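> give me a model of this one.
(chains A, B, C and D, ligands or ions: 6)
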Amino acid sequence: MITKQSLEINSHIQIAEDTFEVVLQSSLSKELKPGQFVHIQLPGHMLRRPVSIANVNPEAETFTMIFKIFGEGTRNLSKYQAGEFLDVILPCGTHYPIEDLSLEHALLVGGGIGVPPLYYLGTKLKEKGVKVTSVLGFQSASHVFYEEKFQQLGETFIATNDGTYGQKGFVTDIISKLDKPIDYYFSCGPTPMLQAVTSQLADQKGYISLEERMGCGVGTCYACVVPLKADPSKNKKICKDGPVFPANEVNLA
Amino acid sequence: MITKQSLEINSHIQIAEDTFEVVLQSSLSKELKPGQFVHIQLPGHMLRRPVSIANVNPEAETFTMIFKIFGEGTRNLSKYQAGEFLDVILPCGTHYPIEDLSLEHALLVGGGIGVPPLYYLGTKLKEKGVKVTSVLGFQSASHVFYEEKFQQLGETFIATNDGTYGQKGFVTDIISKLDKPIDYYFSCGPTPMLQAVTSQLADQKGYISLEERMGCGVGTCYACVVPLKADPSKNKKICKDGPVFPANEVNLA
Amino acid sequence: MSLAVTLPGLALKNPVMPASGCFGFGKEYSQFFDLNELGAIIVKAATGEARYGNPTPRVAETSSGMLNAIGLQNPGVDNIIADELPFLSRFDTPVIANIAGSTVEEYVKVAETLNKSNDLSAIELNISCPNVKEGGVQFGTDPELAKEVTYKVKQASNYPVYVKLSPNVTNITTMAKAVVDAGADGLSMINTLTGMQINLKKRAPIIANKTGGLSGPAIKPVAIRMIYEVRQALSDIPIIGMGGIMTAEDVLEFLLAGANAVAVGTANFQNPHACPEIIAELPGILSKYGFESVEEAIGKGHVHG
Amino acid sequence: MSLAVTLPGLALKNPVMPASGCFGFGKEYSQFFDLNELGAIIVKAATGEARYGNPTPRVAETSSGMLNAIGLQNPGVDNIIADELPFLSRFDTPVIANIAGSTVEEYVKVAETLNKSNDLSAIELNISCPNVKEGGVQFGTDPELAKEVTYKVKQASNYPVYVKLSPNVTNITTMAKAVVDAGADGLSMINTLTGMQINLKKRAPIIANKTGGLSGPAIKPVAIRMIYEVRQALSDIPIIGMGGIMTAEDVLEFLLAGANAVAVGTANFQNPHACPEIIAELPGILSKYGFESVEEAIGKGHVHG
Ligand SMILES: Cc1cc2nc3c(=O)[nH]c(=O)nc-3n(C[C@H](O)[C@H](O)[C@H](O)COP(=O)(O)OP(=O)(O)OC[C@H]3O[C@@H](n4cnc5c(N)ncnc54)[C@H](O)[C@@H]3O)c2cc1C
Ligand SMILES: Cc1cc2nc3c(=O)[nH]c(=O)nc-3n(C[C@H](O)[C@H](O)[C@H](O)COP(=O)(O)OP(=O)(O)OC[C@H]3O[C@@H](n4cnc5c(N)ncnc54)[C@H](O)[C@@H]3O)c2cc1C
Ligand SMILES: Cc1cc2nc3c(=O)[nH]c(=O)nc-3n(C[C@H](O)[C@H](O)[C@H](O)COP(=O)(O)O)c2cc1C
Ligand SMILES: Cc1cc2nc3c(=O)[nH]c(=O)nc-3n(C[C@H](O)[C@H](O)[C@H](O)COP(=O)(O)O)c2cc1C
Ligand code: FES
Ligand code: FES
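Ligands and ions are numbered 1, 2, ... in the order given. Below is the predicted model of the structure:
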């Protein structure tokens, strides 16, 4: 059940340019599913900040999140240290419904801060024996993180916008050269990337995870909606009905 | 000259109920005079907080201030620790003009958070060879501070509102029993106390130090005025023309 | 220490209720605490038909506040009666419907339709929603229109009608008097101040609707001033006060200004436990400042002269 | 990177100036930095005779803001010309006088008297001071009165006249159009929002005047919205924007909304170096967001449709 907890920071380290990995202690850790997010209160900020769950350690009762400094809130978050506490609402939102899918080979497509939730998803897929191929996009070499960890899950390709690492260009450039038969793709990243990926993979089944500015984060305020493809006069709440949606359900335009 | 400095806290200790003594390192310390105050910025607060200078150590280039938790700003200030920094405007305001006075015996009358500036004044008077008698009022025993330090300056009488320490009652109850010939009195404390003291000592010469809610603290905003006795249609700025005024100059009513 | 307050149609066990639009229809926050703890619940605005609302982004953060331009998204009054209100009827907490519309006819239709529900105690007539293109805000800024819609809704409704005032007016007392003349049972104030924030990177307003409603502690001084002014002019009208309440001290400040009860909006987003925590702290705060009941504090911040 | 902006009567080396009432007549802050760094200086309001102002307390702190009710304390226009303005004439920084009054005649008299000074570049006509009982605010909320006082001051003054608008109105564009029709050379916006804070212990408003003007970051979204709206309606009128500016990013936000220059008020109290620090950071912020000059950014936050 969704709860507000004060969580101790077990570790807080920088893993790439402007990018931090935070491990939090929570009794709810084992209930957290890939694709879900937590909603974090930061002193001096009116609204909470949504951050995805990047991994879970059920034995230690910890979970990991990875964030990049974007504005004042994430800058504030970057200054925390191990031993300090964060006020967090969790778990928020829906998850990638992998338990219900018949899957042999999954393609993970992540861009920037969309990469973290896919890592947790990948570990769960691997546990299930699913073959995982990952295509990850970053701004430049200094922003790349978790490459080795993804490689432990399966074949991993990196693209950087400026070509300072991996392939120069976008994740779609890599995907177009992949000719592996996949059952489902799972994608998370900036909306332009999701638009490109969903149209590139239009005849594949897949799930995407969306971002939108949020108020409550729990489904009461209607801040975070996305129109439905079938009927754009209807919409769903990203914080509650999402952030994970079947790729063909929502209208990204 | 008035300046904004970022000052390191050398020590920060609690000395009585809700009451803290803070020693700050500043190159300007030796220029600070008794009666002057500093104007402190606290994160999350729009306006600075004025606090009097309670002592100076010119060799160490430090000065002391003493404050009591009153609202959110002083509560925030109470949480600082040695080694942290405070953003301070200093020195602010006028001082007790003891260099210009012919003085043999001075009476110090302080109430609550009006006591601190009188301590620094007392040390300066003693340096000059002036005899010092102090009458200090506090809420109750647990709020009393600096009694021994004042005793080292001269005879010291304590009143508490509830009689839990010293004499029960107000500073004026003690003053009425003093029959020492004094040249000048110097008083600082809540306005009702200053009203009582100035009327009780109406035929004595004296200086009082006033408090008012401040904006700028440097004389630009006209927030902190006090009307003049001679012509209540005129006023002076407490932050710049004060906080120290000749007792008969300003209208406390 | 009695927290109880009685207002037209509302016997409140305490004066604290979530504000409209900041609590949905209660389901989500019922996961966090027992809704029986609340004085009342004001639900999200209802319009005649389902509304999609505005494009996103719909919210932005400001200093001590937020902007929103949800645009009255709601499933429509019929669905609200059928699907949302029954859930709330299981709690021993009065429910106030918030009604909105683009035309007087729509307001009246919503009010009439709500008569069918047995799950309500009062209606909050939202004439002040700044985030819908047609209608909404004009009703809240023109005393004659405000009078007309209040009068007609009052005629149509079986429930006491609290009219929710917009702060975006030159003279709040004129607006208050207009709706009270037209029969309002009470006032609800304030709605949001119209504001804007510009995204420097995108060189465009952050909110897709361009302007949004400013709420949160930033606007509290405006809310307190307006309630104080209206209470000076209208000594008996019940007022539900809101705008930036975060703590039990804030509640007391609203009571002193003249509010009879209060609503908590934006604070819920920051802390889903905001309402029950404020309610739990209220008795201590009241007695700290020398009051023995909520009723005793109402209007006590007024000085004369 | 050019920070220069040219407005009627004002060739500014940069667009940042302290706001009226938040910088006195410059002397105190000249201890902190060289006033030559400023784009211009707007001094404290001048009235016909010396004014004592309101009783204290005159200020209170709010969430991300402050309330003030100074009540136009000033030594009177003659003393300002004789004692205050000459000090500022030694700097290579244009000075803008801010004029206030209780009657149209007083405004006109102050404007005429200021013609005698050679130390000025422009006049800011404060029709919006909410803290004086008679006059002041009505001029700022009634378009006809605003028109009249603007017209007469414009006739009387040798200087370009910037009319300072009150945000406490239902329709800011109506007010802007009224004063522009009457000949205003530019607009200055916004003045403070009327607010109140109640002292729980004393059970009375903190500010002795009861209400005060709310300034600081709390009101920035309202300022941005109003400037944006006025810029949409009046594409050419020079606007000096203000309300909650604390950083160079804030300045850029005001420029994007349509301000040609900006004034910094409350921030000076928190940081006496606020203006020069903002000016120093402005070139970096402009280039970070892709602008090569201040002029280029003006109005660029507008989107169509
Ligand atoms: C479901 C979800 C999961 C996310 N997971 C991650 C993650 O794992 N790692 C990570 O680094 N970031 C993640 N984000 C994005 C992250 O929430 C934003 O980068 C962050 O809110 C920016 O806050 P700020 O204070 O730094 O920026 P500011 O621009 O100062 O924030 C101002 C306001 O805008 C909102 N906002 C700004 N950008 C975004 C955005 N992209 N999405 C949502 N709200 C935004 C903020 O929440 C805040 O309310 C996620 C967003 C969502 C919706
Ligand atoms: C010249 C001068 C010297 C002072 N010296 C001392 C001292 O040495 N030790 C000490 O403990 N206190 C001193 N004070 C009082 C101290 O400034 C206030 O207690 C403090 O500002 C309260 O802030 P707060 O945030 O805790 O209270 P809040 O009530 O939350 O403050 C809200 C606002 O009111 C103002 N305010 C509230 N009370 C006062 C007050 N009594 N005087 C001025 N402003 C007030 C605050 O500065 C702030 O702007 C002095 C005040 C002045 C004017
Ligand atoms: C996201 C959001 C949605 C709102 N929706 C409504 C609404 O549907 N009807 C209404 O009358 N007020 C609505 N309001 C206004 C609030 O009910 C309240 O009047 C305002 O936010 C001020 O209170 P606060 O500062 O405590 O939030 C909404 C406010 C917010 C922040
Ligand atoms: C203490 C104080 C005094 C002010 N005095 C005046 C004044 O004399 N004339 C005037 O036009 N505006 C006056 N103002 C309004 C400011 O010039 C400015 O319009 C307003 O504060 C908003 O800007 P800010 O948020 O940067 O402070 C005053 C504001 C403050 C805070
Ligand atoms: S953020 Fe409130 S409904 Fe999604
Ligand atoms: S606090 Fe500004 S003049 Fe004294």
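> how about the residue in chain C positioned nearest to chain A, what does it touch?
Nearest to chain A, among the residues of chain C, is C:Gly24, at 3.4 Å (C-beta to the nearest C-beta). Bear in mind the C-beta positions are built from the backbone N, C-alpha and C, glycine included. Contacts for C:Gly24 (C-beta atoms under 8 Å, 6 or more residues apart in numbering or on different chains) come out as A:219-222, C:43-44.
> if we use 10 Å, what do you get?
A:216, A:218-222, A:237, A:240, C:18, C:30, C:41, C:43-44, C:74, C:84, C:268 (C-beta atoms under 10 Å, 6 or more residues apart in numbering or on different chains).
> could you work out the most separated pair of those?
Using C-beta to C-beta, these span at most 19.8 Å, a distance reached by A:Lys237 and C:Ile41.
> chain C contacts on the stretch 51-200 of chain A?
Applying C-beta under 10 Å from any C-beta of the partner chain, we find that the stretch 51-200 of chain A lies next to chain C at A:71-73, A:87, A:89.
> what's the closest of those to B:Val144?
A:Asp87 (38.7 Å).
> show me what that closest one is bridged to.
Beta bridges link A:Asp87 to A:Ser6, A:Gln41, judged by DSSP bridges.
> quick one: pLDDT of it?
A:Asp87 carries a pLDDT score of 98 in this model.
> that one contacts A:Leu7, doesn't it?
Yes: A:Asp87 lies in contact with A:Leu7 (C-beta atoms under 10 Å); the separation is 8.0 Å.
> touching both of the two, which residues are there?
With C-beta under 10 Å, 6+ apart as the test, A:Asp87 and A:Leu7 both reach A:Ile40.
> neighbour count: these two, which is higher?
Higher neighbour count among A:Asp87 and A:Leu7: A:Leu7, with 23 against 16, using other C-beta atoms under 10 Å in any protein chain shown.
> and the closest residue to that one other than its chain neighbours, which of the three is it?
Distances taken as C-beta to C-beta, 6 or more residues apart in numbering or on different chains put A:Leu24 closest to A:Leu7, at 4.4 Å, once the chain neighbours are dropped. Assigned with DSSP: H, G, I helix; E, B strand; the rest coil, A:Leu24 falls in the strand class.
> what's the burial count for A:Leu24?
Other residues close to A:Leu24 by other C-beta under 10 Å number 24.
> A:Lys4 - nearest residue in space that isn't next to it in sequence?
A:Lys4 sits nearest to A:Ile89 (C-beta to C-beta, 6+ apart), 5.1 Å away.
> again with C:Pro57
Nearest non-adjacent residue to C:Pro57, counting by C-beta to C-beta, 6+ apart: A:Arg213, 4.4 Å away.
> ok, of the residues of the stretch 51-200 of chain A next to chain C, which come out buried?
Neighbour counting by 16 or more other C-beta atoms under 10 Å in any protein chain shown classes A:73, A:87, A:89 among those as buried.
> measure the second one to A:Pro117 for me?
Separation of A:Asp87 from A:Pro117 (C-beta to C-beta, to the nearest Å) stands at 21 Å.
> repeat for C:Glu28
For C:Glu28, the distance to A:Pro117 - C-beta to C-beta - is 22 Å.
> neighbour count: the two, which is higher?
A:Pro117 (29 against 21).
> pLDDT at that one, what is it?
97.
> which phi and psi does it have?
phi -60, psi -30 (degrees, to the nearest 10).
> what about the nearest residue to it once chain neighbours are set aside, neighbour count?
Nearest residue to A:Pro117 in three dimensions, chain neighbours excluded: A:Ser52, at 3.9 Å (C-beta to C-beta, 6+ apart). Neighbourhood size, A:Ser52 [other C-beta under 10 Å]: 28.
> residues contacting residue 39?
Defaulting to chain A. A:2, A:4, A:47-51, A:87-93, A:214, A:216-218, A:239, C:269, C:272.
> let me rephrase: I mean chain C.
Counting by C-beta under 10 Å, 6+ apart, C:Gly39 has contacts C:3-5, C:7, C:10-18, C:93-94, C:240, C:261-263, C:275, C:279, C:294.
> what about the residue in the stretch 1-150 of chain C that ligand 2 sits nearest to, how many residues nearby?
As assessed by C-beta to the nearest ligand atom, ligand 2 sits closest to C:Ser64 within the stretch 1-150 of chain C, at 15.1 Å. Other residues within reach of C:Ser64, judged by other C-beta under 10 Å, total 26.
> my guess is it contacts A:Leu47, does it?
No: the pair C:Ser64 / A:Leu47 is not scored as a contact, 11.4 Å apart, by C-beta under 10 Å.
> mutual contacts of those two, please.
In contact with both C:Ser64 and A:Leu47: C:216, C:266, using C-beta under 10 Å, 6+ apart.
> contacts only, for the residue of the stretch 101-250 of chain C found nearest ligand 3.
Nearest residue of the stretch 101-250 of chain C to ligand 3, counting by C-beta to the nearest ligand atom: C:Ser215, 3.2 Å away. By C-beta under 10 Å, 6+ apart, the contact list for C:Ser215 reads A:46, C:19, C:21-22, C:62, C:65-68, C:190-193, C:195, C:223, C:242-244, C:265-267, C:269.
> and it, how far from B:Ser26?
Taking C-beta to C-beta, one finds C:Ser215 at 42 Å from B:Ser26.
> and the helix or strand where A:Phe20 lies, how far from the chain's centre?
Assigned by DSSP states H and E, A:Phe20 belongs to strand A:19-25. Per C-alpha atoms, centre = their mean, to the nearest Å, the displacement of strand A:19-25 from the mean C-alpha position of its chain is 14 Å.
> wait, does that strand contact ligand 1?
No: using C-beta under 6 Å from any ligand atom, strand A:19-25 stays clear of ligand 1, coming no nearer than 7.6 Å.
> pLDDT of that strand, averaged?
Rounded mean pLDDT across strand A:19-25 is 98.
> same thing with stretch C:53-68?
Mean predicted confidence for stretch C:53-68 is 97.
> what helix or strand is C:Phe87 on?
helix C:85-89.
> CA atoms only: put that helix into PDB for me.
C-alpha atoms of helix C:85-89 as PDB (Å, rounded to 0.1, in the frame of the first residue of the first chain):
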ATOM      1  CA  LEU C  85     -19.800  10.100  -4.000                       C
ATOM      2  CA  PRO C  86     -21.000   6.700  -2.800                       C
ATOM      3  CA  PHE C  87     -17.500   5.800  -1.700                       C
ATOM      4  CA  LEU C  88     -17.500   8.900   0.600                       C
ATOM      5  CA  SER C  89     -20.900   8.100   2.100                       C
END
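> what's near enough to touch the nearest residue to C:Ala267 once chain neighbours are set aside?
In space, and not counting its chain neighbours, C:Ala267 is closest to C:Ala274: 4.0 Å by C-beta to C-beta, 6+ apart. Applying C-beta under 10 Å, 6+ apart, we find C:Ala274 in contact with C:16, C:18, C:22, C:29, C:32-33, C:245-247, C:264-268.
> I'd like to know which of the residues you listed are buried.
C:16, C:18, C:22, C:29, C:32-33, C:245-247, C:264-268.
> thinking again about what came up before, in strands, which of the contacts of A:His39 fall?
Using DSSP state E, A:4, A:49-51, A:87-92 are the members of the contacts of A:His39 that sit in strands.
> by neighbour count, which of those residues wins?
Most surrounded of the ones in strands among the contacts of A:His39: other C-beta under 10 Å gives A:Cys92, at 27 neighbours.
> who's it bridged to?
A:Phe37.
> gap between it and A:Phe67?
For A:Cys92, the distance to A:Phe67 - C-beta to C-beta - is 15 Å.
> can you check the pLDDT for A:Pro181?
At A:Pro181, pLDDT is 82.
> what residue, apart from its backbone neighbours, is nearest it spatially?
Spatial nearest neighbour of A:Pro181, chain neighbours left out: A:His105 (6.5 Å); criterion: C-beta to C-beta, 6+ apart.
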